[in-house]
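S.K.: Turn this into a structure:
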Amino acid sequence: MKKAEVVFIPFPGPSHLISTLEFAKLLINRDNRLHITVLLMKFPNSRGTDAYTKSLSTSDSISFINLPECSLPPNTNPRDAFGALFEAQKPNVRQAVSDLTNGEQYGHLAAFVVDMFCTTMIDIAKEFSVPTLVFFTSGVASLGLNLHLHTLRVRDNVDPTQLQQLKELVIPTFAHPVPSYSLPGSVLSKEWEPFFLNYVGGLKKADGIIVNSFEELESHAIKSFSSHSELAGLPIIYPVGPILTPEPETKGVVESNDIIKWLDDQPPSSVVFLCFGTRGSFDEDQVKEIAHAIENSGARFVWSLRKPLPKGVMAAPSEYYSLSDLSLVLPEGFLDRTTGIGRVIGWAPQTQILAHPATGGFVSHCGWNSTLESVYFGVPIATWPIFAEQQANAFELVVELKMAVEIVLDYRLDLFQGPNYLLTADKIEKGIRSVLDNDEVRKNVKKMSEKSRKTLLENESSHTYLGRLTDYIINQI
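M.R.: Model prediction:
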């Protein structure tokens, strides 16, 4: 019997790409009537994604096509780079799908699954008369926030300036009013408005939205999609998480084995882990404040510290490759004074560190992948959002779910202007102490950790949603 063919179009950034591929694995393991073809695109001059795709190439239910590289027009503004890349790739996607449908060995084309930023590809799916499902790599509350803000803009003409002037907003997917400082930067800035309108307008055109979350974690947000009149007419959602992302092996200042060995020697739940995601980095003044906070707290620590990026550059920060490099940005003598109680590293094997019994708290940017990992491994977060939807995630964790302590909720780093303020050592120190000592938050996270490990088992909520999703895809042929 010919299989149902599903075309995946992931976003080329690592955090999106890896979780999309993990979801693809989940789908083919669930239903052997599916075959997935992943169309891979690259940003010009970016590193390849081969490390992530090699491990999956052995399955006969999944195959990869590397789309030809496209160059973007010179001087493309970073705000327009995504859109320009996807428009340039449309003819290649059309050709690849056309070849698939004409090929002998492939099955019946049933659906497209596109990343949340790649919704312009819905046009191509329509040409082939198949539905498009969006893979949304953040949470359901955040999805609802974006959809609501888009509706306010389009229906009520509420612009970024008006949003900034509001103290707080009532949003269907949040139980509490959301302060305007917790809104994503893309809705508060006139410059990002075309990107935002295009991106969320694309979400509304989808036939369904697959969300990397689960009912037990975001019950209010998920219920609001069926109970709130404003959300009722929007695409159906399928919360099928938590989909955790395995990390590629890379070497920083200290190798990961060395860190795990060091953690083995520390008491249970005694170490605070500071890590700010694939794109998180700070300037020298902020690095010094973090160092003073760590030292004053007296806590054991593992700190993933990366070189800051020049303003206006969208890329991953680079590593400090030697201890002498590191000592230039840290307070004098810091590495010597903390040698017994902590480690400063570059790239961090995040899941291994969070899974380790010695890790007791996580100072995090509240990116959604990191949030799901901290929940899964039962490690409470101290919130320090940086950009994108991280401020809304931090608010959800602290206020809605009571599963994190607040260092800060309103910090934000603008790609072109830098941070909105310097966060002082005393505030960071208070957060470090609090995340290690707050028993109520720790209890809440441990409870949710148990639920997150069960939800993809038979007859549990994410398992059920995944079943509905595979039935929907199979019914297209």
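S.K.: Please, which helix or strand holds the closest residue in space to residue 70 that isn't next to it in sequence?
M.R.: Counting by C-beta to C-beta, 6 or more residues apart in numbering, residue 88 is the residue found nearest to residue 70 once chain neighbours are left out, at 3.9 Å. C-beta here means a position set from N, CA and C on the backbone, and glycine is covered the same way. Using DSSP states H and E, residue 88 maps to helix 78-102.
S.K.: Show me what that helix is packed against.
M.R.: Packing partners of helix 78-102 (3 or more C-beta pairs under 8 Å, 6 or more residues apart in numbering; DSSP states H and E): strand 4-9, strand 34-40, strand 108-115, helix 122-127, helix 193-204.
S.K.: can you put those in JSON lines and add mean pLDDT and distance to residue 429?
M.R.: JSON lines is the format used below for the helices and strands packed on helix 78-102 (pLDDT from 0 to 100; distance: least, C-beta to C-beta, whole Å):
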{"stretch": "strand 4-9", "mean pLDDT": "97", "distance to residue 429": "44"}
{"stretch": "strand 34-40", "mean pLDDT": "96", "distance to residue 429": "44"}
{"stretch": "strand 108-115", "mean pLDDT": "97", "distance to residue 429": "38"}
{"stretch": "helix 122-127", "mean pLDDT": "97", "distance to residue 429": "48"}
{"stretch": "helix 193-204", "mean pLDDT": "94", "distance to residue 429": "36"}
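S.K.: any chance of the ones you listed in CSV, plus distance to residue 24 and mean neighbour count?
M.R.: Output for these, formatted as CSV (distance: least, C-beta to C-beta, whole Å; neighbours: other C-beta atoms under 10 Å):
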stretch, distance to residue 24, mean neighbour count
strand 4-9, 6, 24
strand 34-40, 5, 22
strand 108-115, 8, 23
helix 122-127, 17, 17
helix 193-204, 20, 18
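S.K.: quick one: the helices in the stretch 101-250 of the chain?
M.R.: Chain-ordered helices for the stretch 101-250 of the chain, with DSSP state H, counting those that start in this stretch as the definition, fall at 122-127, 140-156, 160-165, 185-188, 193-204, 219-227, 229-232.
S.K.: got the CA coordinates for the longest one in PDB?
M.R.: Coordinates of each C-alpha in helix 140-156 appear next as PDB, following Å, rounded to 0.1, in the frame of the first residue of the first chain:
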ATOM      1  CA  VAL A 140      -0.400  27.700  23.500                       C
ATOM      2  CA  ALA A 141      -0.600  30.800  25.600                       C
ATOM      3  CA  SER A 142       1.900  32.500  23.400                       C
ATOM      4  CA  LEU A 143       0.100  31.400  20.300                       C
ATOM      5  CA  GLY A 144      -3.200  32.900  21.600                       C
ATOM      6  CA  LEU A 145      -1.400  36.100  22.500                       C
ATOM      7  CA  ASN A 146      -0.100  36.500  19.000                       C
ATOM      8  CA  LEU A 147      -3.500  35.700  17.400                       C
ATOM      9  CA  HIS A 148      -5.300  38.200  19.800                       C
ATOM     10  CA  LEU A 149      -2.800  41.000  19.100                       C
ATOM     11  CA  HIS A 150      -3.100  40.500  15.400                       C
ATOM     12  CA  THR A 151      -6.900  40.700  15.700                       C
ATOM     13  CA  LEU A 152      -6.600  43.900  17.700                       C
ATOM     14  CA  ARG A 153      -4.400  45.400  14.900                       C
ATOM     15  CA  VAL A 154      -6.600  44.300  12.000                       C
ATOM     16  CA  ARG A 155     -10.100  44.600  13.500                       C
ATOM     17  CA  ASP A 156      -9.600  47.500  15.900                       C
END
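S.K.: List the residues that contact residue 207.
M.R.: 111, 131, 132, 133, 235, 236 (C-beta atoms under 8 Å, 6 or more residues apart in numbering).
S.K.: Looking at those residues, which is nearest residue 79?
M.R.: Residue 79 lies nearest to residue 132 out of the contacts of residue 207, by C-beta to C-beta, at 24.1 Å.
S.K.: tell me the contacts of that closest one?
M.R.: Contacts of residue 132 by C-beta under 8 Å, 6+ apart are 111, 112, 113, 114, 119, 121, 122, 125, 205, 206, 207.
S.K.: Tell me the one of those nearest residue 198?
M.R.: Once C-beta to C-beta is applied, the member of these that ends up nearest residue 198 is residue 119, at 8.3 Å.
S.K.: Isn't that closest one up against residue 209?
M.R.: No - using C-beta atoms under 8 Å, residue 119 is not in contact with residue 209; the gap is 10.2 Å.
S.K.: just to revisit the earlier point, my understanding was that the residue nearest to residue 70 contacts residue 72; is that so?
M.R.: Yes - at 7.0 Å, residue 88 counts as touching residue 72 under the criterion of C-beta under 8 Å.
S.K.: More neighbours: which of the two?
M.R.: residue 88 (18 against 14; other C-beta atoms under 10 Å).
S.K.: Quick check: that one vs residue 271, distance?
M.R.: 46 Å (C-beta to C-beta, to the nearest Å).
S.K.: Repeat that for residue 78.
M.R.: On the measure of C-beta to C-beta, residue 78 and residue 271 end up 36 Å apart.
S.K.: What are the boundaries of the helices in the stretch 301-450 of the chain?
M.R.: Using DSSP H, counting those that start in this stretch, helices in the stretch 301-450 of the chain cover 323-329, 334-337, 350-355, 368-376, 390-395, 425-437, 439-454.
S.K.: Relative to the whole chain's centre, how far out is the third one?
M.R.: Helix 350-355 sits 16 Å away from the centroid of its parent chain (C-alpha atoms, centre = their mean, to the nearest Å).
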